[in-house]
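*Asks:* Sequence unavailable; structure follows:
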C-alpha cells in the first residue's frame, strides 16, 4: 500500500500518512456571552430550589469540527460542552475579556493553493500543510487534595464577590505549574465537587478547569456557574474550603506553545 | 543540519517544518452507554485523547481516564441519560 513516511536518521518516524494530524481551525477571544442564575434551597431537606438572583457570566465559543480540541489562555473554567450536529459550543465561567481560545480539529481538505496533502488508504486527508498543525508541547497533572479542603495540595484558595450576600461569593482553589513556555491548556475531563460558603455552612457546586498563563499551567477549581446551593453542615472542610473532591483519578492537562499559532485566526 | 520535512506555500512561506514527531491521532474506540474499559496499542510517547459525543450531546458524557500502557477506563456519573462517545487517542510526539 502506498504511503509516505518521513523518518529521522535513527529511523524514528516524524510523519506518517497513516496517522491523522490535527490543525488549527480558529483562535480568538471568547465571542459568546450569557448568564446563568444560581439556585438555592431555602431550608434543609427542602425538595425545591429557588432562583436566588445571583447571576454568573459565562463566555463561550462555537466550533464546527468533527474532533474538536480547545485550549485556553487566561482564566476560565469549563462548565459544559453543547453539541448539535457538527457544532460544539464550549462554555467557560470565571473568564476575563482577554481569555483566549485555540481550537483544533482533524485536518481536512479546506481548499487553498500550493500545499502538500497526505491521504491514508481510505482517501481521508490526514495532513494538509495549509493548516497549522497541533503540536502538544507536554502534559502535567496537579497534586491531589488535602483534608483541609484544598483541591490541590500546595494550592491557594480565595473568594471573589459576585453579588448580594456573602454566601454567594465565588470560591477558588488554584495550583500553578511552570512549563517554561507561554501556553494555552486543556483538560480531557474534569471533576465536580462542593465548597462551603463564607457563613460556615452550605454546600455549593464547584467544577475544575485548567488554563495557560504566561509560562504556567494553572489548575483551577471554582464555583460552578448557575450552581445549586444547599443549606447543610459542611463537616470538617472549614469556611471557604472544598469537599467531596474526587481523588482516585486526577485529570492530566496538555498544553501548547501559543507562539506557534496565529492569533486571532479563522479558516 | 536538521532532518525532517519542510513545506512552503506559493509565496515561499514555511507552512510546515517538522524535525521531530508531532501530535497525531492513531486510533479511536466507542464507549457505548455503560461503564467500561479498553486496552489499545500505543507507541512510545505521551498519550492524549479527545472524547466526542456520537450525535448530539444531550445527556451525561463519560468520564474517560487513561492509566498508562494503552489502558483506558470510563464511567458515567450523572442523572441524565449516558451518551455514547468516540474517544480519539494519540501521542503528543514520537
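*Replies:* Right, received. Where do you want to start? Quick caveat: nothing in here was measured; it's all calculated off a predicted structure.
*Asks:* The nearest residue to residue A:99 once chain neighbours are set aside: neighbour count?
*Replies:* Spatial nearest neighbour of residue A:99, excluding adjacent residues (Cβ to Cβ, 6 or more residues apart in numbering or on different chains): residue A:74 at 3.7 Å. Placement of C-beta: from N, CA and C, glycine included. Applying other Cβ atoms under 10 Å in any protein chain shown, we find 19 other residues in the vicinity of residue A:74.
*Asks:* Equivalent analysis for residue A:98, please.
*Replies:* Residue A:98 has 10 nearby residues by other Cβ under 10 Å.
*Asks:* what sits against it?
*Replies:* Residues in contact with residue A:98 (Cβ atoms under 8 Å, 6 or more residues apart in numbering or on different chains) are A:29, A:74.
*Asks:* pLDDT wise, what is the residue nearest to residue A:99 at?
*Replies:* Turning to residue A:74, the model gives it a pLDDT of 97.
*Asks:* if I pick residue B:5, what's in contact with it?
*Replies:* A:6, A:14, A:15, B:16, B:17, B:18.
*Asks:* Could you look up the SS state of the fourth one?
*Replies:* Put plainly, it is residue B:16. Secondary structure, DSSP: H, G, I helix; E, B strand; the rest coil: residue B:16 is strand.
*Asks:* tell me the contacts of it?
*Replies:* By Cβ under 8 Å, 6+ apart, residue B:16 lies in contact with A:116, A:129, A:133, B:5, B:6, B:7.
*Asks:* Pipe the residues you listed into TSV and attach secondary structure per row.
*Replies:* Shown next, in TSV, are those (three-state DSSP):
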residue	secondary structure
A:116	coil
A:129	coil
A:133	strand
B:5	strand
B:6	strand
B:7	strand
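*Asks:* For the buried ones among those residues, write the corresponding ChimeraX selection.
*Replies:* A single ChimeraX command selects the buried members of the contacts of residue B:16 (16 or more other Cβ atoms under 10 Å in any protein chain shown):
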select /A:116,129,133 /B:7
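*Asks:* and of the contacts of residue B:16, the nearest to residue B:73?
*Replies:* Ranked by distance to residue B:73 (Cβ to Cβ), the contacts of residue B:16 are led by residue A:133 at 29.4 Å.
*Asks:* quick one: that closest one and chain B, what's the gap?
*Replies:* 6 Å (Cβ to the nearest Cβ, to the nearest Å).
*Asks:* Leaving out sequence neighbours, find the closest residue to residue A:193.
*Replies:* In space, residue A:193 is closest to residue A:245, 4.6 Å off (Cβ to Cβ, 6+ apart).
*Asks:* Repeat that for residue A:19.
*Replies:* Counting by Cβ to Cβ, 6+ apart, residue A:19 lies nearest to residue B:24, which is 3.9 Å off, once chain neighbours are set aside.
*Asks:* May I have the phi/psi pair for that neighbour?
*Replies:* In terms of degrees, to the nearest 10, the main-chain angles of residue B:24 are phi -150, psi 150.
*Asks:* do the same with residue A:197
*Replies:* The phi/psi pair for residue A:197 (degrees, to the nearest 10) is phi -100, psi -180.
*Asks:* pLDDT of stretch A:187-203, averaged?
*Replies:* Across stretch A:187-203, pLDDT averages out at 84.
*Asks:* Measure how far it is from the centre of its chain, please.
*Replies:* 17 Å (Cα atoms, centre = their mean, to the nearest Å).
*Asks:* Starting from the lowest-mean-pLDDT helix or strand in chain B, tell me which strands it pairs with and how they run.
*Replies:* Lowest on mean pLDDT, DSSP states H and E among the helices and strands of chain B sits strand B:14-18, with a mean of 82. Its sheet considered, strand B:14-18 pairs with strand B:5-8 (antiparallel) by DSSP bridges.
*Asks:* Report the rounded mean pLDDT for the strand it pairs with.
*Replies:* pLDDT averaged over strand B:5-8 gives 86.
*Asks:* which residues does residue A:65 contact?
*Replies:* By Cβ under 8 Å, 6+ apart, residue A:65 lies in contact with A:25, A:86, A:88, A:103, A:104, A:105, A:106.
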